[in-house]
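Enquirer: dropping a prediction and its sequence here:
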Number of protein chains: 2
Amino acid sequence: MEQTLAFVKSNENRFLEELFELLRIPSVSADTKYKPEVARAAEFIRTSLEKAGAEKVEICPTSGHPIVYGEKIIDPKLPTVIVYGHYDVQPADPVNLWTTPPFEPQVRDGKIYARGSCDDKGQVFMHIKAFESMMKTNSLPCNVRFMIEGEEEVGSSNLGAWVRENKNRLKGDVILISDTSIVANDTPSIEVGLRGLSYVQVEVTGPNRDLHSGVYGGAVSNPIQVLCDMIASMKDKENRITIPGFYDDVLELTSDERIELNKTPFNLNEYKKDLGIDEVRGETGYTTLERTGIRPTFELNGIWGGYTGEGSKTVLPSQAFAKISMRLVPHQTTDKITEIFTKHFTSIAPKGVKVKVTPHHGGEPVVTPTDSVAFKAASKAMETTFGKKPIPTRGGGSIPIVALFEKELGLKSVLMGFGLDSDLIHSPNEHYGIFNFMKGIETIPLFFKNFADMSAKG
Amino acid sequence: MEQTLAFVKSNENRFLEELFELLRIPSVSADTKYKPEVARAAEFIRTSLEKAGAEKVEICPTSGHPIVYGEKIIDPKLPTVIVYGHYDVQPADPVNLWTTPPFEPQVRDGKIYARGSCDDKGQVFMHIKAFESMMKTNSLPCNVRFMIEGEEEVGSSNLGAWVRENKNRLKGDVILISDTSIVANDTPSIEVGLRGLSYVQVEVTGPNRDLHSGVYGGAVSNPIQVLCDMIASMKDKENRITIPGFYDDVLELTSDERIELNKTPFNLNEYKKDLGIDEVRGETGYTTLERTGIRPTFELNGIWGGYTGEGSKTVLPSQAFAKISMRLVPHQTTDKITEIFTKHFTSIAPKGVKVKVTPHHGGEPVVTPTDSVAFKAASKAMETTFGKKPIPTRGGGSIPIVALFEKELGLKSVLMGFGLDSDLIHSPNEHYGIFNFMKGIETIPLFFKNFADMSAKG
């Protein structure tokens, strides 16, 4: 292991230069005009895996962007780690808010600024370079398979079918994913719960055309008013969601689990100061960590209707719209929540308007075990490199593919990410600490070693 | 009078051709790029008045668009009618929704399609042509002054100062305005009440930046949710506005007055069918005619915040906005209503957000007398030309200058308009019936005659 870590240290500059090459490829999966660039990124991943020592490396086409597969099976009797990650990135807009261009990586203050630096090219590349380091120092202790996709930022729509068709070459013991964050650089953590998502758009239609608010105002249902009334009614005074049955399947944590969760370092005053707010707000009876980690939510992501330009226009509009997302916790399911939302929202519509609900994407909530060999291997690896035992945390975001792997492959995941919540993923000036990048490359071989050792013992 | 009417009839084609010339000038007062066109329209009005026989015709500059003045004083001892109107028009956007170009008037099915055809060039031009007809047939029975402005569609901001500075040449007995509608072509009416207006924009700010709704959702006040909650709370279950003091100054009509008002022909089923709604909605205890005529309102004209594009974005936005207008009735005042709205809206803001209220324009409500000589003269004139006694109606819209004339000149107005609510003023495909245009030109000389006769008797 010392030899591997020495290799990592002595190759830091080269690793960074290679990562920068990858970051220079604008592999934006959401925009068809970048399709050749997405393909170029897949090719870059393929070459990197081959150079690192992977076998059977292949760019697997899908009806969307391809999935890059590669493996190194040193002994079929040894355990197998499946590494998942993605080489596609979010759009860089608004580009004018970036200090330096999004696809020209620049290091400032020890951080790599570029779209995808943290999410997820930087974290994927840690795995490739850790694998290379183990291969070059003859220290890979078990088998590994790589599955790096190009559609994570657009809902992984073709991954499910591909996984189902490739079950044979996806035999393994655990999925290892680095696409999440730690609490802080001096406070390592591993996410053990991820919320699911149900995302809908609603539309309220009143009169069949825009009306003059002077002539018709006061006598006709105003769709904006109705939409506001309906939205206001979706939460009670305790900030609990009023959709009948919404909480039916919610996994309630034991008081011990809640005590454990609330041990995560968190400073409410700093939190409020950072956001510029004088008060937090959420479901009565829960802490902020619980509200974002273990409780479902109902959030307005957008609203529009009527005149939104400068000055005034006395219009009583025909329609009003909103985008609403609900974060789900185990054991809620996207389909059921979307269904009961739709039923409830439609049922509370007053006469004089019509209501339409359009489901957007969703994702199932997951919890990953903390008593598994893989979790213990990850925890011990981080404890070694950070000098501190990592805290199990529950993330507010969603990684739908974790539920997918569990369903299709029967495999649990370990979410050993190295980003920070402050890395501005999905926003202008996304960055990733060189500290975090290198810490990942050091920690991953330790995970492999621990996992192989513990599996042998178990 | 017969001679005058004969003159009107025999000049119909010329009157229409001249009106079309005026309609071809895109005198959009809101857009500075049309400033030369607005000036050209003023010049056209000046020339038309001179040709018709007016004296002391003058284009009076203001710090905005000019006011065209002209007069014909036949005998200082006789009563004087001041005709007010405006030659500016609303913007034509969205131009692509017009069947024929907005500034290329076209007659279809007996209607003139063009921006300003009804509001207000067509109605102003009726007065100029009626005046011309009286002059050419030597039948002008009293004095007349014209005051045609170019900023009505942008709030008449310079008219007040000009009226104050020109009180000497605005001596008269009544203001005659044609800028309103009749109930139907077989149901003449005269507006006797106009609602006032208080228009505000509100802004709710939560966190200091857009947040990831997965990471922060459930724990932080969402400004869209808060805005909806606040808007929903502005009305109670009876659809009464909850701002403390909002109804304090509202003029309550006597039951006789309400009975009279509800005699206006109105078919609720047709109203609902026309709007494509299954139910009307408004303040409990009042009819639709009352809700739009004599009761104040609180209407949302626009709302926006967060992500409003295609698909989904999991943003918890920093801000949300709305445009709100309140229609006022006698004796509410714009300033007081704006003030109590602002106070109330700010006071109900929960912790965790900041609220800002920006007043836009306003206008005072008015009622015009139905027992005055001028009203009786108008009523009798319409009865003659339509063959039916006109109904006094209360309009939902606002003409702020009526209150201005009362305050500055001590003069009441008569709102003898000839449009229809279906003329699509302020919308694409604005039009004005040739029937209505000609009916106006026939009715106006009768008004002058009746007014002169009745004033002599009174």
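Expert: Nice, I can see it. Numbering: from 1, shown residues only, chains lettered A, B, ... in the order given.
Enquirer: how about the helix ranked longest in chain A as PDB, C-alpha atoms only?
Expert: In chain A, assigned by DSSP state H, the helix with the most residues is helix A:434-457. Output in PDB follows, covering the C-alpha atoms of helix A:434-457 (Å, rounded to 0.1, in the frame of the first residue of the first chain):
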ATOM      1  CA  ILE A 434      -7.100  19.500  -5.400                       C
ATOM      2  CA  PHE A 435      -7.000  18.300  -1.800                       C
ATOM      3  CA  ASN A 436     -10.300  16.400  -2.400                       C
ATOM      4  CA  PHE A 437      -9.200  15.000  -5.700                       C
ATOM      5  CA  MET A 438      -5.900  13.700  -4.200                       C
ATOM      6  CA  LYS A 439      -7.600  12.500  -1.000                       C
ATOM      7  CA  GLY A 440     -10.000  10.500  -3.200                       C
ATOM      8  CA  ILE A 441      -7.100   8.800  -5.100                       C
ATOM      9  CA  GLU A 442      -5.400   7.900  -1.800                       C
ATOM     10  CA  THR A 443      -8.600   6.600  -0.200                       C
ATOM     11  CA  ILE A 444      -9.900   4.400  -3.000                       C
ATOM     12  CA  PRO A 445      -7.000   1.800  -2.900                       C
ATOM     13  CA  LEU A 446      -7.500   1.600   0.800                       C
ATOM     14  CA  PHE A 447     -11.200   0.900   0.300                       C
ATOM     15  CA  PHE A 448     -10.200  -1.900  -2.200                       C
ATOM     16  CA  LYS A 449      -7.700  -3.400   0.300                       C
ATOM     17  CA  ASN A 450     -10.100  -3.200   3.300                       C
ATOM     18  CA  PHE A 451     -13.000  -4.600   1.200                       C
ATOM     19  CA  ALA A 452     -10.900  -7.500   0.000                       C
ATOM     20  CA  ASP A 453      -9.500  -8.200   3.500                       C
ATOM     21  CA  MET A 454     -12.900  -7.900   5.300                       C
ATOM     22  CA  SER A 455     -14.700 -10.000   2.600                       C
ATOM     23  CA  ALA A 456     -12.100 -12.800   3.000                       C
ATOM     24  CA  LYS A 457     -12.600 -12.700   6.800                       C
END
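Enquirer: show me which positions of that helix end up buried.
Expert: By neighbour count on 16 or more other C-beta atoms under 10 Å in any protein chain shown, the buried set for helix A:434-457 is A:434, A:436-452, A:454-455. No exception for glycine: its C-beta is placed from N, CA and C like everyone else's.
Enquirer: mind checking pLDDT for A:F298?
Expert: Listed pLDDT for A:F298 reads 98.
Enquirer: and the longest helix of chain A, what other elements does it pack with?
Expert: Judged by 3 or more C-beta pairs under 8 Å, 6 or more residues apart in numbering or on different chains; DSSP states H and E, the packing partners of helix A:434-457 are helix A:2-10, helix A:12-23, strand A:80-86, strand A:111-113, helix A:121-136, helix A:373-386.
Enquirer: how does it look with 7 Å?
Expert: Using 3 or more C-beta pairs under 7 Å, 6 or more residues apart in numbering or on different chains; DSSP states H and E as the contact test, the elements touching helix A:434-457 are helix A:2-10, helix A:12-23, helix A:121-136, helix A:373-386.
Enquirer: which of those sits most buried?
Expert: When the helices and strands packed on helix A:434-457 are scored by mean count of other C-beta atoms under 10 Å in any protein chain shown, the highest mean neighbour count falls to helix A:121-136 (a mean of 26).
Enquirer: so which bits of the stretch 301-450 of chain A are right by chain B?
Expert: A:301-308, A:311-316, A:320, A:323, A:325, A:327, A:351-352, A:360-361, A:396-398, A:421, A:426 (C-beta under 7 Å from any C-beta of the partner chain).
Enquirer: secondary structure element holding A:L176?
Expert: Using DSSP states H and E, A:L176 sits in strand A:174-177.
Enquirer: so what are the sheet partners of that strand and their directions?
Expert: Strands that pair with strand A:174-177, judged by DSSP bridges, come out as strand A:80-86 (parallel), strand A:413-415 (parallel).
Enquirer: now the following helix or strand past that strand: how far from the chain's centre is it?
Expert: Next helix or strand after strand A:174-177 toward the C-terminus (DSSP H and E): strand A:181-182. Distance of strand A:181-182 from the chain centroid (C-alpha atoms, centre = their mean, to the nearest Å) equals 11 Å.
Enquirer: repeat that for stretch A:197-216.
Expert: Offset of stretch A:197-216 from its chain centre (C-alpha atoms, centre = their mean): 33 Å.
Enquirer: out of everything not next to it in sequence, what's closest to A:F15?
Expert: Excluding its sequence neighbours, the residue lying closest to A:F15 (C-beta to C-beta, 6 or more residues apart in numbering or on different chains) is A:K129, at 4.9 Å.
Enquirer: what's the answer for A:A403, then?
Expert: A:E364 (3.8 Å).
Enquirer: residues contacting the one you found?
Expert: A:G196, A:T333, A:T334, A:P400, A:A403 (C-beta atoms under 7 Å, 6 or more residues apart in numbering or on different chains).
Enquirer: just send those back as JSON lines, with distance to A:K412 too.
Expert: Formatted as JSON lines, these follow (distance: C-beta to C-beta, whole Å):
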{"residue": "A:G196", "distance to A:K412": "16"}
{"residue": "A:T333", "distance to A:K412": "19"}
{"residue": "A:T334", "distance to A:K412": "20"}
{"residue": "A:P400", "distance to A:K412": "15"}
{"residue": "A:A403", "distance to A:K412": "11"}
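Enquirer: got CSV for those residues, with pLDDT, secondary structure and neighbour count too?
Expert: Converted to CSV, the contacts of A:E364 look like this (pLDDT from 0 to 100; DSSP: H, G, I helix; E, B strand; the rest coil; neighbours: other C-beta atoms under 10 Å in any protein chain shown):
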residue, pLDDT, secondary structure, neighbour count
A:G196, 89, strand, 25
A:T333, 92, coil, 17
A:T334, 93, helix, 22
A:P400, 76, helix, 21
A:A403, 85, helix, 20
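Enquirer: and those residues, which two are the farthest apart?
Expert: A:T333 and A:P400 (12.0 Å; C-beta to C-beta).
Enquirer: follow-up on the earlier one: what's the angle from the longest helix of chain A to helix A:373-386?
Expert: On the basis of axes from the mean of the first three to the mean of the last three C-alpha atoms, to 10 degrees, helix A:434-457 is oriented at 140 degrees to helix A:373-386.
Enquirer: work out the gap between helix A:434-457 and the centre of the chain.
Expert: On C-alpha atoms, centre = their mean, the centre of helix A:434-457 falls 22 Å from the chain's centre.
Enquirer: may I ask you to confirm that A:E238 belongs to a helix?
Expert: No: using DSSP: H, G, I helix; E, B strand; the rest coil, the assignment for A:E238 is coil, not a helix.
Enquirer: that one: neighbour count?
Expert: Neighbourhood size, A:E238 [other C-beta atoms under 10 Å in any protein chain shown]: 9.
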